[in-house]
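Chemist: got a sequence here, can you build the structure:
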Amino acid sequence: MSKIFNDCRIFKFSSHAVQRMFERSFTKKDVLTAIRNGEIITEYPEDKPYPSYLIFAMVRGRPLHVVCALDFKDKLCYIITAYEPDPKIWSEDFKTRR
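Modeler: Sure thing, here's the model as predicted:
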């Protein structure tokens, strides 16, 4: 897990994230695996109310992007969305936009 998420006490999934995960056949376990083993590819420090991060990981042989926001004070990690990156938009390694 990226060190930044080591202190998260609780991971909260937004209803949007759960809906998108269901539509794309990703489980909560998949998303947590991505957060634990993935790589932060973009940081959004100015996002409100908390800074957010785009994480990339390969999970069950599929590329996965997870967007999470981190409340450092209360040590909560909010899962905003999760999706399989579109190869038309992302490079072959799924880490940079075309």
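Chemist: for the rest of this, base every contact and every neighbour count on C-alpha atoms.
Modeler: OK.
Chemist: give me every residue that touches residue 70.
Modeler: 5, 50, 51, 52, 76, 77, 78 (CA atoms under 8 Å, 6 or more residues apart in numbering).
Chemist: phi and psi next, for the spatially most central residue of the chain.
Modeler: The centre of the chain sits closest to residue 66, judged by CA atoms, centre = their mean, with a distance of 1.9 Å. Main-chain torsions, residue 66, degrees, to the nearest 10: phi -130, psi 130.
Chemist: residues touching it, list them.
Modeler: For residue 66, counting by CA under 8 Å, 6+ apart, the contacting residues are 31, 34, 35, 54, 55, 56, 79, 80, 81, 82, 83.
Chemist: one more pass at 7 Å, please.
Modeler: Residues near residue 66 by CA atoms under 7 Å, 6 or more residues apart in numbering: 31, 54, 55, 56, 81, 82, 83.
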